[in-house]
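A.B. asks: Provided below for reference: sequence and predicted model.
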Amino acid sequence: MPYTILVTGANRGIGYEAVKLLSQEKPDATILLGSRTTQNGQAAIEKMKTSSPSSDFSNVKVVELDITSSSSLSSAVDLIKSTYSTLDVLINNSGIAELDGDGLSPAIFDVNVRGTKNTIEAFTPILTPKSGIVVFVSSQVGGWYTKAVGPKIQAELLDVQSTTWEKVEGWMADWQKMAEGGKAQGDWVPLDQGMTGSMYFVSKALINPWVRKYAVDHSDARVAIVCPGYCATGMTKFAAPREASMGGASIAWPVLNEFESGKFYQDGKELGFDTGVPK
């Protein structure tokens, strides 16, 4: 069976660039381009062919996938299992910073936190035993947020062994209470602290411990947490110093190189999970 790689949220931005790169670097592999609609996925492939006419991208196939839909996840798993038997690499790239301009939309937690958990758990049963790779696209901003919170919450976020999904749900509910002006138990970063207090930052800080615990509990798979960097994509309104292709290369790096499971990387270099905002 062919080597199979699935990239979620891949019809544009960093995911698109990762698919494009992996298609060229691993021509014998099948690269599955996850997209919420088949039409958008096919349009992405046509864009690749136009931008790089020397490659035909015939090894790229569209998989319709919405990570917030359990039925969509189930259908995608069934399709990949019946067609390819196993999945060698899952790159969970889907994520949002806002919804329709709302930086406090519940959809941010639904996609970035719950969607990540549900996607990784859905595909775990079909990962190739002993050699399967899970790449979770996080962000260095999660480390910035973890560094900025109060000591009690910070200790909880870094206590990987004690992390449970129930704790993650509790953190989200407590943060939401703070965001709505209520009295929270945790010493969260206030919303008025610029971007550091944002829901996007906290979403990455809250899902990182769960993915790290997943890596501990699933020693049969190799797990890389990666940061693409601050790239010029639709999410950043194209106002960022790094090209999207650099982000794509960063999240594809664990597929092409050796790495230590459970660690955090950007451009192949290890990051910390509680590093302060660069001066």
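C.D. replies: Perfect, I can see it now.
A.B. asks: which neighbouring elements make contact with the longest helix along the chain?
C.D. replies: Longest helix in the chain by number of residues, with DSSP state H as the criterion: helix 199-217. Helix 199-217 is packed against helix 107-109, helix 116-123, strand 133-137, helix 140-148, helix 151-158, helix 165-179, strand 222-226, with contacts defined by 3 or more C-beta pairs under 8 Å, 6 or more residues apart in numbering; DSSP states H and E. (Glycine included, C-beta is placed from N, CA and C.)
A.B. asks: restrict the fourth one to CA atoms and write it as PDB.
C.D. replies: Extracted in PDB, the C-alpha atoms of helix 140-148 (Å, rounded to 0.1, in the frame of the first residue of the first chain):
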ATOM      1  CA  GLN A 140       4.500  29.600  19.900                       C
ATOM      2  CA  VAL A 141       1.800  31.900  21.300                       C
ATOM      3  CA  GLY A 142       0.600  29.000  23.400                       C
ATOM      4  CA  GLY A 143       4.000  29.100  25.200                       C
ATOM      5  CA  TRP A 144       3.800  32.800  25.600                       C
ATOM      6  CA  TYR A 145       0.300  32.500  27.200                       C
ATOM      7  CA  THR A 146       1.500  29.700  29.500                       C
ATOM      8  CA  LYS A 147       4.400  31.900  30.600                       C
ATOM      9  CA  ALA A 148       2.100  34.800  31.300                       C
END
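A.B. asks: residue contacts, the residue lying farthest from the centre of the chain?
C.D. replies: For the chain, the C-alpha farthest from the mean C-alpha position belongs to Lys183; by C-alpha atoms, centre = their mean, that distance is 30.6 Å. Contacts for Lys183 (C-beta atoms under 8 Å, 6 or more residues apart in numbering) come out as Lys177.
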